[in-house]
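A.B. asks: need a 3D model of the following:
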Amino acid sequence: MENLNGKQRDNWGSRLGFVMAAAGSAVGLGNIWRFPYTTGENGGSAFIIIYLVFVFVIGLSVMTAELAVGRRTQLAAVGAFKKYSNRWTFAGVLGVISAFFIMGFYPVVGGWAMAYVVKTFTGLLSNASAVGDSFGAFISAPIEPLFWFILFLLANVVIVIKGISGGIEKAGKILMPTLFVLFIFLAIRSVTLEGAGAGLEFLFKPDFSKVTGETFLAALGQAFFSLSLGMGCMITYGSYLSKKENLPQNALIVTTLDTAVAILAGIAIFPALFAFNMEPAAGPGLVFVVVPTIFAQMGALGYLFSAVFFVALTVAALTSSVSLLEVVVSYLIDQKNMERKPAVILTVVIMGIFGIFASLSMGVLGDVKILGVIFFDFLDILTDKIFLAIGGMLLAIFVGWVVKKEDLQDELTNSGTVKFGLFNVWYNLVKYVIPFAVAIIAVAGIISITETGLMLFGLAVIAVLVLVSKKL
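C.D. replies: Numbers count the residues shown, from 1 in each chain. Down below sits the predicted model:
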């Protein structure tokens with residue numbers, strides 16, 4: 001299939017392949033260490049109800065829009081924006097930069113997960129009280145984390161360098177079913193532990209007294225960013241879709257799978273957490289300290305469950321990082337006329353340099369600060385709080401106000417051969433409601449940054465992109 005630039009373009013070999021790859025892009029570390037804790041702290045099932053409304057109203061609508069824009073243009077993020085308006089090229093470039101910067105630290109965490117599969121059998125679980133100290137010593141070491149980071153990054157190279165149908169699709173068909181089976185296994189074991197009921201109550205008992213304006217904001221943010229929206233991933237994946245595919249239906253399947261993994265992760269983690277009287281924690285502290293401590297108290301079976309958990313965590317990280325790498329690689333292929341192999345190698349070499357500094361900033365370079373934070377946190381805050389927030393807002397505005405309604409309708413109905421009875425409802429949501437809702441996330445995310453210099457730097461980068469992106 002040729003894109004609007006007249007170039008032959010790779011395609012997904014099957015609907016299943018696309019669905020598994022897109023779901024893999026959406027499912028990431030945030031589903032496992034952020035969603036369960038956020039749910040418990042914001043009213044349990046009261047939060048889940050709000051979250052599900054936002055996921056299937058706002059998140060699903062934006063995903064559908066991204067897939068439509070990608071397939072319509074047959075171009076990745078930058079080219080898709082540029083095709084409609086040169087003035088909007090910067091929004092696509094921002095998505096590529098976001099993906100690039102995230103890949104400067106995300107594979108570091110993916111390497112930690114990979115390392116913990118091995119560490120499970122080399123002493124990690126021998127002393128439950130020492131797990132926290134072991135994690136701190138590991139991530140601050142100069143060499144060992146780098147080895148695992150490079151290994152994880154190379155796994156991305158092996159997949160992406162083989163292309164869409166030959167690499168990413170084949171990997172998705174293997175990795176995503178594997179992820180589901182592993183988490184179902186862990187969830188069954190978790191809920192059968194004595195005292196597990198308290199963990200299920202923490203997650204699912206509705207406590208509306210905890211529901212505040214912050215709860216709605218947390219649910220909206222989790223719904224939007226959990227689905228890999230606003231960073232070019234779904235536009236890029238959509239650009240490889242066949243014109244025969246039913247976009248609204250595929251978007252619904254991907255959104256449902258992503259949500260299912262998030263809830264499964266909560267069921268796998270929190271009943272066990274409460275069964276062993278452990279305090280809930282957020283972020284890396286949950287999956288690299290609290291969870292291994294639980295496994296260390298399970299006896300011989302703890303080794304099996306620990307290995308399964310960290311394999312699942314590695315898979316979740318890998319499926320997301322592959323899509324982020326593809327965003328940058330597709331930009332180089334579409335806009336710079338590079339072949340896939342050199343595009344992958346160039347991108348990974350530069351990402352590798354970033355990753356080395358991000359890893360070392362947890363230890364030997366910990367005293368080196370950029371605008372008040374270590375390099376790892378610099379990349380994390382810059383993308384999560386600024387670039388993705390603004391990128392999501394720009395995407396919503398672009399689809400609602402720049403892309404022609406006729407183009408969207410034609411694409412979502414496959415030129416009238418597929419029924420999409422809710423098109424007008426969807427379109428009004430995208431045009432009027434979602435840009436406002438996502439703008440709230442963007443503003444809230446930016447003003448929550450305590451490092452003023454970092455916030456101003458991020459906004460300055462975006463301002464520069466507006467001025468120079470036409471040349472990129």
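
A.B. asks: okay, now the unreliable bits of this protein?
C.D. replies: 1-8, 281-283, 470-472 (pLDDT under 70).

A.B. asks: which parts of it are strands?
C.D. replies: Along the chain, no segments are classed as strands by DSSP state E.

A.B. asks: what about stretch 193-212, start to end distance?
C.D. replies: Stretch 193-212 has an end-to-end distance of 33 Å (Cα to Cα, to the nearest Å).

A.B. asks: measure residue 292 to residue 122 for me?
C.D. replies: 13 Å (Cβ to Cβ, to the nearest Å). Every residue, glycine included, has its C-beta placed from N, CA and C.

A.B. asks: settle it for me: which of those two has more neighbours?
C.D. replies: The residue with more neighbours, out of residue 292 and residue 122 and counting by other Cβ atoms under 10 Å, is residue 292; that gives 24 against 9.

A.B. asks: wait, doesn't the more buried one sit right on residue 116?
C.D. replies: Yes. Assessed by Cβ atoms under 8 Å, residue 292 is found in contact with residue 116 at 7.1 Å.

A.B. asks: what sits in contact with each of these two?
C.D. replies: Here residue 292 and residue 116 share the contacting residues 124, 306, scored by Cβ atoms under 8 Å, 6 or more residues apart in numbering.

A.B. asks: can you get me a residue count around residue 364?
C.D. replies: Neighbour count for residue 364, taken as other Cβ under 10 Å: 12.

A.B. asks: find the nearest non-adjacent residue to it, please.
C.D. replies: Once flanking residues are discounted, residue 364 sits nearest to residue 142: 5.1 Å by Cβ to Cβ, 6 or more residues apart in numbering.

A.B. asks: what do you get for residue 217?
C.D. replies: Computed as Cβ to Cβ, 6+ apart, the closest residue to residue 217 that is not its neighbour in sequence is residue 444, at 5.6 Å.

A.B. asks: now residue 191. Nearest residue, chain neighbours left out?
C.D. replies: Nearest non-adjacent residue to residue 191, counting by Cβ to Cβ, 6+ apart: residue 271, 5.1 Å away.

A.B. asks: test my guess that the one you found contacts residue 190.
C.D. replies: Yes. Using Cβ under 8 Å, residue 271 is in contact with residue 190, at 4.4 Å.

A.B. asks: mind listing the shared neighbours of the two?
C.D. replies: 196, 199.

A.B. asks: now residue 259, nearest residue through space, not along the chain?
C.D. replies: Distances taken as Cβ to Cβ, 6+ apart put residue 55 closest to residue 259, at 5.7 Å, once the chain neighbours are dropped.

A.B. asks: and the gap between the residue nearest to residue 364 and residue 310?
C.D. replies: Distance check for residue 142 against residue 310: by Cβ to Cβ, it reads 22 Å.

A.B. asks: who's more crowded, those two?
C.D. replies: Using other Cβ under 10 Å as the criterion, residue 142 and residue 310 rank with residue 310 on top: 26 against 12.

A.B. asks: list the contacts for the more buried one?
C.D. replies: Contacts of residue 310 (Cβ under 8 Å, 6+ apart): 113-114, 116-117, 120.

A.B. asks: also residue 261?
C.D. replies: 23, 27, 31, 179-180, 183, 316.

A.B. asks: do residue 127 as well
C.D. replies: residue 296.

A.B. asks: quick one: residue 202 and residue 278 touch, right?
C.D. replies: No. In this structure residue 202 lies outside contact range of residue 278 using Cβ under 8 Å: 11.5 Å.

A.B. asks: okay, now the nearest residue to residue 102 once chain neighbours are set aside: neighbour count?
C.D. replies: In this structure, residue 102 finds its nearest non-sequential neighbour in residue 383, 5.1 Å apart by Cβ to Cβ, 6+ apart. Neighbourhood size, residue 383 [other Cβ under 10 Å]: 24.

A.B. asks: again, but for residue 214
C.D. replies: 12.

A.B. asks: what do you get for residue 94?
C.D. replies: 28.

A.B. asks: could you find the closest non-adjacent residue to it?
C.D. replies: The nearest residue in space to residue 94 (Cβ to Cβ, 6+ apart) is residue 391, at 5.0 Å.

A.B. asks: repeat for residue 164
C.D. replies: Take residue 164 and drop its neighbours on the chain: the residue closest to it by Cβ to Cβ, 6+ apart is residue 10, 4.2 Å away.

A.B. asks: related to what we said a few turns ago, list the contacts of the residue nearest to residue 259.
C.D. replies: 223, 226-227, 255, 259.

A.B. asks: got it, and residue 251?
C.D. replies: Residues in contact with residue 251, defined by Cβ under 8 Å, 6+ apart, are 60, 63-64, 67.

A.B. asks: check residue 266 too.
C.D. replies: If you count contacts by Cβ under 8 Å, 6+ apart, residue 266 has them with 35-36, 39-40, 203.

A.B. asks: residue 87: which of those residues is nearest?
C.D. replies: The closest of the contacts of residue 266 to residue 87 turns out to be residue 35 (Cβ to Cβ; 36.2 Å).

A.B. asks: helices along the stretch 301-450 of the chain, start to end?
C.D. replies: For the stretch 301-450 of the chain, the helices defined by DSSP state H, counting those that start in this stretch occupy 340-360, 375-381, 388-401, 405-412, 423-428, 434-447.

A.B. asks: and among these, the most buried is which?
C.D. replies: Looking across these with neighbours counted as mean count of other Cβ atoms under 10 Å, the highest average goes to helix 388-401: a mean of 24.

A.B. asks: sweet, I'm off.
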